[in-house]
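**Q** predicted model and sequence follow; I will ask about them next.
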Amino acid sequence: MYDFTSIPKVDLRQFIAGTSEQQHQFVQNLGDAFRHVGFVIVRNHGIPQDLVEDFYRASMEFFYLPVKTKMKYEIPNLAGQRGYTSFGREHAKHSRVADLKEFFQFGQEIDDDDPIKAEYPDNVFVEEVPQFFHLGIKLYRAFERTGAHLLEAIALYLDLPQDYFAPKIHHGNSILRSIYYPPITTEPASAIRAEQHEDINLITLLVGASAGGLQVQNMAGEWIDVLPDHNEISINVGDMLQRLTNNYLKSTTHRVINPPRERWHEERLSIPFFLHPRSEVRLDCLPNCVSDKRPLAYPPITAGEYLDERLREIGLKK
């Protein structure tokens with residue numbers, strides 16, 4: 001890690017359709033960004049812009065529904081993993097103050113006889129905004145494809161087979177989350193839109209939000225703005241990948257700050273995709289990431305066990 005002052009950018013087309021030299025360079029650039037910064041901005045990522053825009057509109061239609069209507073879609077026993085989570089429910093791991101947000105989540109859909117289907121609750125269909133569900137599942141699949149390409153590159157960077165992650169993320173427990181940060185109407189009680197935190201999963205893919213505010217912390221404690229251009233996405237390492245690589249790849253602290261007071265009236269919509277492996281996948285540190293200089297930092301655990309632990313820490317599971 002070093003005191004970065006900007007977020008590196010890479011072009012995914014180099015890896016998918018480039019020459020062997022371009023592919024090698026992409027692997028190096030992506031891996032170095034994840035090792036030293038934990039964040040990267042990706043262009044030519046393959047997620048259709050019209051699909052993103054359609055999902056934005058459907059999301060706003062949902063969040064503009066009356067609170068009583070939205071509450072029909074908050075399922076108490078699902079720990080926020082499907083459907084609606086109302087404003088003020090979630091907080092960062094080391095905070096007791098709730099974030100200034102509400103959100104809706106879509107999970108994995110199984111269309112064959114994979115027994116893992118029994119682990120996944122059904123996605124929640126919103127009667128008032130029927131296109132929300134269909135667009136959400138379509139966008140979920142697009143994120144899965146792009147995420148799989150990125151993990152192929154990371155596997156190569158770690159001197160693993162290119163398809164190392166493929167069976168681990170097939171029908172994985174990934175989540176598509178639509179987050180709505182409403183206008184701020186009163187002085188926040190020491191809370192910001194999303195308090196500093198690290199993500200739980202392998203990698204997070206985030207299409208550009210409707211307003212700024214995302215920041216990443218460097219080793220000097222400085223907060224660096226994450227500012228993708230139009231039709232770029234930001235990608236960051238999650239704690240599962242950091243754990244798997246014994247801290248070789250960095251899950252960097254980030255947050256979403258409030259706008260200046262004169263812009264409190266501005267709402268914000270953000271659409272992250274949290275790419276998770278299957279629950280039985282082990283997150284035991286990779287042997288080639290453990291050495292005398294980098295001693296083993298974590299005990300053995302499965303992805304499912306780790307997710308359960310973290311959901312309790314952030315207040316979504318009792």
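**A** That came in fine, so what should we check first?

**Q** for this structure, longest helix please?
**A** Criterion DSSP state H: the longest helix present in the chain is helix 130-157.

**Q** which helices and strands does that helix pack with?
**A** Applying 3 or more CB pairs under 8 Å, 6 or more residues apart in numbering; DSSP states H and E, we find helix 130-157 packed against helix 12-17, helix 20-36, helix 49-63, strand 102-106, helix 166-169, strand 175-181, strand 203-207, strand 268-275. (C-beta placed from N, C-alpha, C; glycine too.)

**Q** any idea how far stretch 165-178 is from the chain center?
**A** Taking CA atoms, centre = their mean, to the nearest Å, the mean C-alpha location of stretch 165-178 is offset from the chain mean by 11 Å.

**Q** out of the helices and strands packed on helix 130-157, deepest packed?
**A** Neighbour counts (mean count of other CB atoms under 10 Å) averaged over each of those peak at strand 203-207, with a mean of 25.

**Q** if we can go back for a sec, quick check: mean pLDDT of the longest helix of the chain?
**A** For helix 130-157, mean pLDDT is 98.

**Q** before we move on, the earlier item: now the helices and strands packed on helix 130-157 in a markdown table, with distance to residue 313 and mean pLDDT?
**A** Formatted as a markdown table, these follow (distance: least, CB to CB, whole Å; pLDDT from 0 to 100):
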| stretch | distance to residue 313 | mean pLDDT |
| --- | --- | --- |
| helix 12-17 | 33 | 97 |
| helix 20-36 | 24 | 97 |
| helix 49-63 | 26 | 96 |
| strand 102-106 | 17 | 95 |
| helix 166-169 | 23 | 98 |
| strand 175-181 | 16 | 94 |
| strand 203-207 | 17 | 94 |
| strand 268-275 | 15 | 93 |
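
**Q** out of the ones you listed, the one nearest residue 292 is which?
**A** Closest to residue 292 of these, according to CB to CB: helix 20-36, at 19.1 Å.

**Q** how far off strand 203-207 does that closest one point, in degrees?
**A** If you take axes from the mean of the first three to the mean of the last three CA atoms, to 10 degrees, helix 20-36 sits at 100 degrees to strand 203-207.

**Q** put the alpha carbons of helix 20-36 into PDB.
**A** Extracted as PDB, the C-alpha positions of helix 20-36 are listed here (Å, rounded to 0.1, in the frame of the first residue of the first chain):
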ATOM      1  CA  SER A  20      -1.600 -11.500 -25.500                       C
ATOM      2  CA  GLU A  21       0.600  -8.500 -24.600                       C
ATOM      3  CA  GLN A  22      -2.500  -6.300 -23.900                       C
ATOM      4  CA  GLN A  23      -4.000  -9.100 -21.800                       C
ATOM      5  CA  HIS A  24      -0.800  -9.500 -19.800                       C
ATOM      6  CA  GLN A  25      -0.700  -5.700 -19.200                       C
ATOM      7  CA  PHE A  26      -4.300  -5.600 -18.100                       C
ATOM      8  CA  VAL A  27      -3.700  -8.400 -15.600                       C
ATOM      9  CA  GLN A  28      -0.700  -6.500 -14.200                       C
ATOM     10  CA  ASN A  29      -2.400  -3.100 -14.100                       C
ATOM     11  CA  LEU A  30      -5.600  -4.500 -12.400                       C
ATOM     12  CA  GLY A  31      -3.600  -6.600  -9.900                       C
ATOM     13  CA  ASP A  32      -1.300  -3.800  -9.000                       C
ATOM     14  CA  ALA A  33      -4.300  -1.500  -8.500                       C
ATOM     15  CA  PHE A  34      -6.000  -4.000  -6.200                       C
ATOM     16  CA  ARG A  35      -2.700  -4.600  -4.300                       C
ATOM     17  CA  HIS A  36      -1.800  -1.000  -3.700                       C
END
